[in-house]
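Asks: Next one to model:
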Amino acid sequence: MKKLLLIAFAFISLLSTNAQTRESAVVKTMNERYELASAEFKTLIAAAPTNGDLYFFAGDNYFYWGELDSAEAIFRKGQEMAPLNPLNYVGLGRIAWFKNNTALSTGQYAKAQEIISTKSNKIDKTTQATAFLKMAETYVIYDNKNINEAFVLINKAIAINDKNPEAFVQLGDCLAEKDPNNPSAAIAEYTNALNVDPKYTRAMLRKGMLYTRVQQSSAWEEALKYFDQAIAIDPNFAPAYREKAEIQRKSSMYKEAVESYAKYYELNKSCRVQQRYAAFVFLSKDYANAIVELEKALPCNPDYVYMYRFLGKSYYETGDFVKGLENINIFFDRADAAKIPIIGDDYAYKGRLLNKSGQDSLAIVMFYEAAKLDTAYAKDAYNEIGAIHFKAKRYAKAAEAYKNRIDLLKDAAKPLDYYYYGQALYFSKEYQKSIDAFGVASKDYYDSDFWRGRGSFKLDNAEAPAGLANPFYASFITRVNEKAATNPKVIETNKKNLIETYSYYGFHYLTQKNYECSKAAWLKVQELDPENAKAKAAMTDPLIIAATGNCNVVTGAAPVLEIAPEQK
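Replies: Sure thing, here's the model as predicted:
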């Protein structure tokens, strides 16, 4: 139905000058203000119940609105009230073509042209041109196109009136459909329309829309210029705001897109537009306001299944996991019947919501489904799977997931990826692999050296330790102290790991009978934690008590002191 909304063609130049109220209603149709237009047409028809043109334009308003049953009913009423008016036959032909009933459509069009060609009917030129253009339009806007016949009909309309800008707009539409890779011919016809009427906003809109087909930012900027030109001429020209919003969305200009669509919604207060506006707020990642707009828009059409997708994700982002899961489940339940494909991102969000609801096993299933459907997301899926396994202390499975992510990323894997992988390996007791992973992470994460020290300690000989952890723990202390020189909070942040590191040195030097350095290490522990039980116990050892603690813990040597000459 989107195609219908893009082509709410205005035939203002075809309207008689003494039909200002009808012109007002048709302008509203052109501006996609269908509800207001419908109200005006009802009033006009009540005042002139035998005017066949009014029935046609009222039906056409429903046609563009997507209310095909209402459109068909009013076209039939128009046939009944004005059987020699060709327009309502055209209207029924349009409905039939839309429903793929080619025979019925062709028959209705043939009847319309028969009425026009019968001279005794005295069909005025304006009505004839309108009929030809409306028939042509039908052959262009649907999937079952008939471009050659559309050209014939448009040329008939131009032969009647070559000063009608809409005829050239439709000619441009035909050329754009005939050769999508060569927009220059279509642009030339839109330019012809503007030559006829420099303020014809439909031509500006179509020019802009043609540029939106090109997947280049420069073309999109050009499209925005045409939409803005149309808005400058007619601030109530709603389609320009819609198309502007769509191209801003494609350009990731979400805030601007919401503003443009808000203006479109202001001019077109339909349920469809309200729900689309709510979707735009969601896409702007303003999730709190998205929930407000989505909940307001849902009641007017609760069968619009996309709303539940947006609500589920918005509730997740705002921390309401119960409502999030409720809505994403509704979306999953109804998507198949609505013929809406479930994408990788849908499975990912459902996985996150399940995880937050304590259903981690089902969450992992969802993440694997997401990875299958969206290879670009797969690397992130493994990250989320790894985090779930790690939290549940399934460290080997966590390590497997993180390794899968690194394998997918290849050279794009970052130190943080190796950091998570290293932690999972450590707790899986894969100490050497853990040391290797943290070696890569160490570039950006200095506490990786702490974990390398931990892993090396586990690999060392408990009976006759060789101090495998020493270089890594030493590097950790050095890097912490370097950062603490400009940011003292670093010490507090790493307090727990520093206590463990200095405690290691306390015991290590004690086994080496280096009591000075052992005491120095335990003094460092007490600086960080005066009530530390291990440090207190160590300080009761007579050999530790006798030592001065004059030692550089990192190097294991007493500092070199300068001796005064008189003391030599």
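
Asks: so who does Y304 touch?
Replies: 275, 298 (CB atoms under 8 Å, 6 or more residues apart in numbering). The C-beta positions use only the backbone N, C-alpha and C, and glycine is treated the same way.

Asks: Quick check: the gap between it and A279.
Replies: 10 Å (CB to CB, to the nearest Å).

Asks: And S105, by the same measure?
Replies: 34 Å.

Asks: Have a look at the two and say which one is more surrounded.
Replies: Taking neighbours as other CB atoms under 10 Å, S105 and A279 compare with S105 leading, 24 against 21.

Asks: That one should be in a strand, yeah?
Replies: No - under the criterion used here (DSSP: H, G, I helix; E, B strand; the rest coil), S105 is helix, not part of a strand.

Asks: That one contacts R94, doesn't it?
Replies: Yes - counting by CB atoms under 8 Å, R94 is a contact partner of S105 at 7.5 Å.

Asks: residues shared between the contacts of the two?
Replies: Common neighbours of S105 and R94, using CB under 8 Å, 6+ apart, are T138.

Asks: Flag every buried residue along stretch 221-237.
Replies: Going by neighbour count (16 or more other CB atoms under 10 Å), the buried part of stretch 221-237 is 222-224, 226-227, 229-231, 236-237.

Asks: same question, stretch 112-124
Replies: Here stretch 112-124 shows 112-113, 115-116, 123 as buried, counting by 16+ other CB under 10 Å.

Asks: any idea which of those residues is closest to Y254?
Replies: Ranked by distance to Y254 (CB to CB), these are led by A112 at 45.9 Å.

Asks: per-residue confidence for the closest one?
Replies: pLDDT, A112: 96.

Asks: Look up which helix or strand it falls in, please.
Replies: helix 102-117 (DSSP states H and E).

Asks: next structured bit after that helix?
Replies: Taking DSSP H and E, what comes next after helix 102-117 is helix 125-141.

Asks: Are there helices or strands packed against that following helix, and which ones?
Replies: With contacts taken as 3 or more CB pairs under 8 Å, 6 or more residues apart in numbering; DSSP states H and E, helix 125-141 sits against helix 2-6, helix 87-98, helix 102-117, helix 147-160, helix 165-178.

Asks: Residues contacting the fourth one, please?
Replies: Going back to what we said before, that points to helix 147-160. When contacts are defined by CB under 8 Å, 6+ apart, helix 147-160 is touched by residues 125, 128-129, 132-133, 135-137, 139-140, 164, 167-168, 170-171, 174, 177-178.

Asks: what do you get if the cut-off is 10 Å, keeping everything else the same?
Replies: 14, 106, 109, 113, 116, 125-141, 146, 164, 166-171, 173-175, 177-179, 189 (CB atoms under 10 Å, 6 or more residues apart in numbering).

Asks: any idea of the pLDDT on the residue nearest in space to the middle of the chain?
Replies: Centroid-nearest residue in the chain: L283, 5.2 Å away (criterion: CA atoms, centre = their mean). For L283, the model assigns a pLDDT of 91.

Asks: What residues does it make contact with?
Replies: L283 makes contacts with 249, 252, 254, 257-258, 261, 290, 310, as judged by CB under 10 Å, 6+ apart.

Asks: Make JSON lines out of these and add secondary structure and distance to L153.
Replies: Below are the contacts of L283 laid out as JSON lines (DSSP: H, G, I helix; E, B strand; the rest coil; distance: CB to CB, whole Å):
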{"residue": "R249", "secondary structure": "helix", "distance to L153": "35"}
{"residue": "S252", "secondary structure": "coil", "distance to L153": "41"}
{"residue": "Y254", "secondary structure": "helix", "distance to L153": "41"}
{"residue": "A257", "secondary structure": "helix", "distance to L153": "37"}
{"residue": "V258", "secondary structure": "helix", "distance to L153": "40"}
{"residue": "Y261", "secondary structure": "helix", "distance to L153": "34"}
{"residue": "A290", "secondary structure": "helix", "distance to L153": "45"}
{"residue": "F310", "secondary structure": "helix", "distance to L153": "42"}
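
Asks: Weed out the non-buried ones from those residues.
Replies: Of the contacts of L283, these count as buried by 16+ other CB under 10 Å: 249, 254, 257-258, 261, 290, 310.

Asks: ok, so of the residues you listed, who is nearest D444?
Replies: Y254 (31.0 Å).

Asks: rewinding a little: pull the most distant pair out of the contacts of L283.
Replies: By the measure CB to CB, S252 and F310 form the most distant pair in the contacts of L283, at 17.6 Å.

Asks: my read: L92 touches E80, true?
Replies: No - using CB atoms under 10 Å, L92 is not in contact with E80, being 11.8 Å away.

Asks: which of these two has more neighbours?
Replies: A side-by-side neighbour count of L92 and E80, using other CB under 10 Å, places L92 first with 23 against 11.

Asks: and the more buried one, what does it touch?
Replies: Per CB under 10 Å, 6+ apart, neighbours of L92: 59, 71-72, 75-76, 78-79, 104-105, 107-109, 111-112.

Asks: K524 too?
Replies: Shown in contact with K524 (CB under 10 Å, 6+ apart): 477, 498-499, 501-503, 505-506, 535, 549, 553.

Asks: Could you do L408 as well?
Replies: L408 touches 371, 375-376, 378-382, counting by CB under 10 Å, 6+ apart.

Asks: With Y139 instead?
Replies: Y139 neighbours (CB under 10 Å, 6+ apart): 94, 97, 105, 109, 145-154, 174, 177.

Asks: List only buried entries from the residues you listed.
Replies: Counted by 16+ other CB under 10 Å, the contacts of Y139 give 94, 97, 105, 109, 146, 149-151, 153-154, 174 as buried.

Asks: Can you say which of the contacts of helix 147-160 are buried?
Replies: With burial judged by 16+ other CB under 10 Å, the buried subset of the contacts of helix 147-160 is 14, 109, 113, 116, 126-141, 146, 164, 166-171, 173-175, 178, 189.

Asks: What is the helix or strand harbouring S456 packed up against?
Replies: Taking DSSP H and E as the criterion, S456 maps to helix 448-459. On a contact count with 3 or more CB pairs under 10 Å, 6 or more residues apart in numbering; DSSP states H and E, helix 448-459 meets helix 415-427, helix 431-441, helix 470-484, helix 495-511.
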